[in-house]
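Student: Have a look; sequence and predicted model below, questions after that.
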Amino acid sequence: MRSALNRAARAARSVRWYVRELTDESGYDRYVAHVRAHRPDADVPSRREFERMRTDRQDADPRQGFRCC
């Protein structure tokens, strides 16, 4: 029984990781780690500010990603 629960939990973690990578939900986490590693004294933007910067960057450069709306 315990083995089955462990396998189910592991599968759920794997699915969560996959979905976060697929949707780039983990992009903010990677960005924060990069900023803290390379510029420890820099201010880290909030998640909302980060998403706004990313959206603005995509809108400014059509090669960055396709967005129809």
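Tutor: It's in.

Student: use CA for all of it now, contacts and neighbours both
Tutor: Will do.

Student: For the residue at minimal distance from the centre of the chain, give me the pLDDT.
Tutor: By C-alpha atoms, centre = their mean, the chain has its centre lying nearest to residue 26, at 1.9 Å. Residue 26 carries a pLDDT value of 90.

Student: Could you double-check that it sits in contact with residue 18?
Tutor: No - in this structure, residue 26 is not within contact of residue 18 by C-alpha atoms under 8 Å, at 10.0 Å.

Student: ok, longest helix in the chain?
Tutor: helix 2-22 (DSSP state H).

Student: Might you list the low-confidence residue ranges for this structure?
Tutor: Scanning the chain for pLDDT under 70 picks out 64-69.

Student: buried ones in the host helix or strand of residue 57?
Tutor: Here residue 57 sits within helix 47-60, counting by DSSP states H and E. Across helix 47-60, burial judged by 16 or more other C-alpha atoms under 10 Å covers residue 50.

Student: Which other helices and strands does that helix contact?
Tutor: Using 3 or more C-alpha pairs under 8 Å, 6 or more residues apart in numbering; DSSP states H and E, no helix or strand is in contact with helix 47-60.

Student: tell me how far it is from the chain's mean position?
Tutor: Counting by C-alpha atoms, centre = their mean, to the nearest Å, helix 47-60 is centred 13 Å from the centre of its parent chain.

Student: How many residues are close by residue 10?
Tutor: Residue 10 has 12 neighbours, counted by other C-alpha atoms under 10 Å.
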